[in-house]
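Peer 1: Mind folding the following:
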Amino acid sequence: MISKIRFITVGNLKEPYLRDAVAEYAKRLSGYCKVEEINIKESKLPDDPSDTEINSALNAEAKMILDALPSRAYGVALCVEGKQFSSPELAALLDSAAGEWGEICFIIGSSHGLAENVKSACKLRLSFSKLTFPHQLMRVVLYEAVYRCATIIKGTKYHK
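Peer 2: Residues are numbered from 1 along each chain as shown. This next block holds a predicted model:
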């Protein structure tokens with residue numbers, strides 16, 4: 001069973017309905033394990049940033065993310081090129097990883113994604129879909145998916 005899940009996220013949730021949804025799933029998930037969220041400040045970029053400006057911002061965010069990523073955690077980077085799983089498959093993977101590593105740490109980058117060194121520091125690159133989602137909405141989706149995995153692992157009925 002998972003003992004601790006850490007969410008490292010870049011940027012604040014601006015919309016109250018998104019904050020409320022994350023808070024609800026975090027509350028539900030806390031019945032299964034310890035939950036911690038570390039919010040990294042998103043780097044400021046101009047409206048039409050160059051590739052160099054984007055890379056500089058991603059590298060600045062990467063330093064803060066890597067500082068918050070425990071060395072003894074199973075890191076999961078959310079990224080478009082990641083592997084996709086069904087809910088039972090992801091639950092089995094997380095259960096196994098928790099047994100070996102203890103803590104699971106999910107990382108959601110900014111709207112420009114994650115620097116390569118953050119992805120490389122993680123044990124898994126995870127994608128929820130080939131579709132593109134706003135990173136703020138993805139946070140809600142991630143919390144729900146992890147909560148669902150916890151209910152599968154524990155064998156409890158999913159609270160709808």
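Peer 1: For this protein, just list every one of the helices.
Peer 2: 16-29, 51-68, 87-101, 116-121, 135-154 (DSSP state H).
Peer 1: Would you mind putting these into a markdown table with mean pLDDT, mean neighbour count and distance to residue 3 alongside?
Peer 2: Where C-beta positions appear, they are placed from N, C-alpha and C, glycine not excepted. Below are those laid out as a markdown table (pLDDT from 0 to 100; neighbours: other Cβ atoms under 10 Å; distance: least, Cβ to Cβ, whole Å):
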| stretch | mean pLDDT | mean neighbour count | distance to residue 3 |
| --- | --- | --- | --- |
| helix 16-29 | 97 | 15 | 12 |
| helix 51-68 | 97 | 16 | 18 |
| helix 87-101 | 96 | 16 | 7 |
| helix 116-121 | 98 | 17 | 21 |
| helix 135-154 | 95 | 20 | 11 |
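Peer 1: so can I have TSV of the ones you listed showing distance to residue 43?
Peer 2: Listed next are the helices of the chain as TSV, based on distance: least, Cβ to Cβ, whole Å:
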stretch	distance to residue 43
helix 16-29	21
helix 51-68	3
helix 87-101	29
helix 116-121	13
helix 135-154	13
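Peer 1: Which one of those lies nearest to residue 127?
Peer 2: Among the helices of the chain, the nearest to residue 127 by Cβ to Cβ is helix 135-154 (10.4 Å).
Peer 1: got the angle for the closest one vs helix 87-101?
Peer 2: 80 degrees (axes from the mean of the first three to the mean of the last three Cα atoms, to 10 degrees).
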